[in-house]
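# Okay, structure incoming, though there's no sequence with it:
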């Protein structure tokens, strides 16, 4: 048995933007790559009957950034930070 349970595993990724469309995602990706900031996209695809009705163009994603780079990413994208 593992020494750590899955509930104890923590990641250093922080949510940058939620429910981003494909078009927005491409724009954000371009800025992040230009500034050498790594990111992770978690796509929300429809399943079941909604998958048949909805196209992938209507899918949304959440964009995650490492906690060490979150302020740089927000600055590169022009997102106001509150402290």
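Good, I have the coordinates. The structure displayed is predicted, hence computed values, not measured ones. Numbers count the residues shown, from 1 in each chain.
# so what's the backbone phi/psi at residue 79?
Backbone torsions for residue 79, taken as degrees, to the nearest 10, come to phi -90, psi 130.
# What of residue 61?
Torsion angles, degrees, to the nearest 10, at residue 61: phi -140, psi 160.
# try residue 73
Taking degrees, to the nearest 10 as the convention, residue 73 sits at phi -70, psi -40.
# Quick check: it vs residue 18, distance?
14 Å (CB to CB, to the nearest Å). Placement of C-beta: from N, CA and C, glycine included.
# Who has more neighbours out of the two?
residue 73 (22 against 12; other CB atoms under 10 Å).
# Surely that one touches residue 36?
No. Taking CB atoms under 8 Å as the definition, residue 73 is not a contact partner of residue 36, at 10.7 Å.
# quick one: low-confidence parts of this structure?
1-10, 46-58, 81-83 (pLDDT under 70).
# at 50 instead, please
Confidence mapping of the chain against pLDDT under 50 gives the ranges 1-2, 4-7, 9.
# Which helix in it has the most residues?
Using DSSP state H to define each element, the chain has its longest helix at helix 22-34.
# buried ones in that one?
Neighbour-count burial for helix 22-34 flags 25, 28, 32 (criterion: 16 or more other CB atoms under 10 Å).
# Return the residues in contact with the second one.
Going back to what we said before, that points to residue 28. For residue 28, the contact set (CB atoms under 8 Å, 6 or more residues apart in numbering) comprises 16, 17, 20, 39, 63, 77.
# Which strand or helix spans the first one?
So that's residue 16. strand 13-20 (DSSP states H and E).
# and that strand with helix 22-34, angle?
150 degrees (axes from the mean of the first three to the mean of the last three CA atoms, to 10 degrees).
# Strand 13-20 - contacts with which helices or strands?
helix 22-34, strand 39-44, strand 60-66, helix 70-77 (3 or more CB pairs under 8 Å, 6 or more residues apart in numbering; DSSP states H and E).
# circling back: which one of the buried residues of helix 22-34 is nearest residue 59?
residue 25 (9.7 Å; CB to CB).
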